[in-house]
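> mind looking at a prediction? Sequence and model below.
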Amino acid sequence: MNNRESAEHIFIAGIRGVLPDKLVNSQMSLHDSVLRIAGNDFSLNEIANIYVIGAGKASAAMAHYVENILVDRITDGQITVKYGHACKLKKIRVTEAGHPLPDSNGFKATREIIRIAQSASENDLVIGLFSGGGSALLTDVPEGLLPEEVVLINNLLIRSGASIHEINTIRKHLSNVKGGQLARAIWPARSVNIILSDVIGNQLDIIASGPTVPDTSTFSEALKILEDYQLMNDITDGIINYLSEGAAGNKPETPKPDDPLFSRTINVLAGTNLTALEAARKKAIDLGFTPFIINDSLQGDVAEISQYLVDTALYYMDNNEIEKPVCLLFGGETTLKVTGNGLGGRNQHLALIIAMKLQNIQGITVLAAGTDGSDGPTEATGAVIDSDTMHLALSLNADPERFLNEFDSFHFFKKTGGHIITGPTMTNVMDMIVIIVD
């Protein structure tokens, strides 16, 4: 097995460590008439109805394992997932919808989720299943705005270079369901929400835009973010007016941490990027590598991160006190401000930059990929490179500078090889980077 193949095996092991079956079964069990979720016991004899709702790339697979546990005790349910991430369920409806941009299916499914939430009464239990992608999939249209305006601002935000924290602050304030507002709809029913993190720091209020979590951000902060990224001239007057009305106190803010409605809400963090890295580390040991988990919170522009990764790899290469070969593991989520018209994603773009930096350095293999199975609007989830990547590209007359400047990393790797293609993984804990140093 060569180093490229080893890196991919280690990456796949990381994904397997955060698959929904492990996550749900580690948090939920049923014994006689007692349902235990994350150490909280619920007597089914005292619960009139159980509803299951959720959104995110992993939510349908999570719902499958919830159904396995509860069997016919579920009254109703609605899940919305990215296209290609559905699975067949018995009692819970699944809708495939647009991601990263919302579409009509997402709006329709969200209306159904809100309907179910509002129908729950004091003696009912609502189980929420949320994962990465939930912000685009759990989407609604605030009063006075059009669906097209919501889609427009989402498109502008994901191309702006803004962090997910900044993007979701705006999303929360252009919604009646994000930022704790779904918990408001569920009240007075009890709710337990199983959450899979795809954000740096695992902040529950950021994952899927925190539909059941108290929100500390404000309308004013949302406006400032738009100003900071110079988007005010690109968005509609309707959006500006809506946010300005909120900042002026003429629209209700998202519910804050002291809101009593959260007294009947439990939010459980079931899996993180570090969970995946730990599983990858064990696989690296099995394959004979000396593994190190370096960082599970990578963030920042891909250009800066690429240099950090190369510098770290060179440090371990030059350190004679460390037994080789080594496997360096990183996780997180970079940002990429897209200015070209090519096809790609942040992981493929990152891999291309690193390949150019390692052109004349042998003995380092780098894999960068998303744990959800997709990288940008492409079929690939990332790419793996080494010093041979540039040599092959030049022999094929594939100018890496041109592909990089056009943000066309997908077609670069289509031509030179190196794509990592898994298909939908039914999970999502941000990105993983595997570096092997001989």
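Received the coordinates, thanks.
> residues contacting Asp103?
Ala97, Val151 (CB atoms under 8 Å, 6 or more residues apart in numbering). Yep, even glycine has a C-beta here, placed from its N, CA and C like the rest.
> let's see the pLDDT reported for it.
As predicted, Asp103 sits at a pLDDT of 97.
> and for the one 4 residues further on?
As predicted, Phe107 sits at a pLDDT of 98.
> for Gly161, same thing?
Confidence at Gly161, expressed as pLDDT, is 81.
> Ser217 versus that one, what's the distance?
19 Å (CB to CB, to the nearest Å).
> try Asp372
Distance from Asp372 to Ser217, by CB to CB: 25 Å.
> what does Arg159 give?
For Arg159, the distance to Ser217 - CB to CB - is 21 Å.
> what about the strands in the stretch 1-150 of the chain?
With strands called from DSSP state E, counting those that start in this stretch, the stretch 1-150 of the chain shows them at 28-31, 34-37, 40-43, 50-55, 76-82, 93-97, 125-130.
> and Ser6, which of these is closest to it?
Closest of the strands of the stretch 1-150 of the chain to Ser6 is strand 76-82, at 29.5 Å (criterion: CB to CB).
> quick one: the closest one to strand 125-130, angle?
Going by axes from the mean of the first three to the mean of the last three CA atoms, to 10 degrees, strand 76-82 is angled at 10 degrees with respect to strand 125-130.
> what does strand 76-82 contact?
Strand 76-82 has contacts (CB under 8 Å, 6+ apart) with 49, 51-57, 59-60, 63, 89, 91-99, 105-106, 109-110, 112-113, 116, 129, 133, 137-138, 374, 424.
> partners of that strand in the sheet?
According to DSSP bridges, strand 76-82 forms sheet pairs with strand 50-55 (parallel), strand 93-97 (parallel).
> check for me that Leu328 belongs to a helix.
No - according to DSSP: H, G, I helix; E, B strand; the rest coil, Leu328 belongs to no helix; its state is strand.
> the closest residue to Asn3 other than its chain neighbours pairs with what?
Counting by CB to CB, 6 or more residues apart in numbering, Thr365 is the residue found nearest to Asn3 once chain neighbours are left out, at 4.0 Å. With DSSP bridges as the criterion, Thr365 is bridged to Ile436.
> pretty sure Thr365 is touching Ala383, no?
No - counting by CB atoms under 8 Å, Thr365 sits too far from Ala383 to count as a contact (11.4 Å).
> ok, the two, which is more surrounded?
Between Thr365 and Ala383, counting by other CB atoms under 10 Å, Ala383 is the more crowded of the two (31 against 25).
> end to end, how far does stretch 172-185 reach?
Start and end residues of stretch 172-185 are separated by 15 Å (CA to CA, to the nearest Å).
> please shift the residue numbers so they start at 810 in all later answers.
All right, first residue 810 from here; so that's stretch 981-994.
> ok, residues contacting it?
Contacting residues not belonging to stretch 981-994 are listed as 919, 922-923, 926-927, 937, 944, 947-949, 951, 954, 959, 962, 977, 980, 1000, 1014, 1017-1024, 1026-1028, 1031, 1048, 1051-1052, 1055, 1063-1064, 1068, 1070-1071, 1074 [CB under 8 Å, 6+ apart].
> likewise stretch 1030-1042?
Counting by CB under 8 Å, 6+ apart, 962, 965-966, 969-971, 975, 978-979, 981-983, 1044, 1049, 1052-1053, 1055-1056 sit against stretch 1030-1042.
> returning to what we had before: pick the most buried one from the strands paired with strand 885-891.
strand 859-864 (a mean of 28; mean count of other CB atoms under 10 Å).
> contacts for it?
Applying CB under 8 Å, 6+ apart, the external contacts of strand 859-864 come out as 853, 871-872, 875-876, 879, 882-890, 900-901, 918-919, 922, 925-926, 928-929, 933-940, 942-943, 946-947, 998, 1017, 1020.
> now, of the residues you listed, which are buried?
Buried residues within the contacts of strand 859-864, counting neighbours by 16 or more other CB atoms under 10 Å: 871-872, 875-876, 879, 882-890, 900-901, 918-919, 922, 925-926, 928-929, 933-940, 942-943, 946-947, 998, 1017, 1020.
> what's the burial count for Asn1214?
12.
> same thing with Asn1206?
Count around Asn1206 with other CB under 10 Å applied: 7.
> what of Asn963?
Asn963: 22 neighbours (other CB under 10 Å).
> just the pLDDT for it.
95.
> element containing it, please.
helix 956-967 (DSSP states H and E).
> what are the buried residues along that helix?
Using 16+ other CB under 10 Å as the test for burial, helix 956-967 gives Glu958, Val959, Val960, Leu961, Ile962, Asn963, Leu965, Leu966, Ile967.
> which other helices and strands does it contact?
Packing partners of helix 956-967 (3 or more CB pairs under 8 Å, 6 or more residues apart in numbering; DSSP states H and E): helix 973-981, helix 1046-1056.
> change it to 10 Å
helix 913-928, helix 943-946, helix 973-981, helix 1028-1037, helix 1046-1056 (3 or more CB pairs under 10 Å, 6 or more residues apart in numbering; DSSP states H and E).
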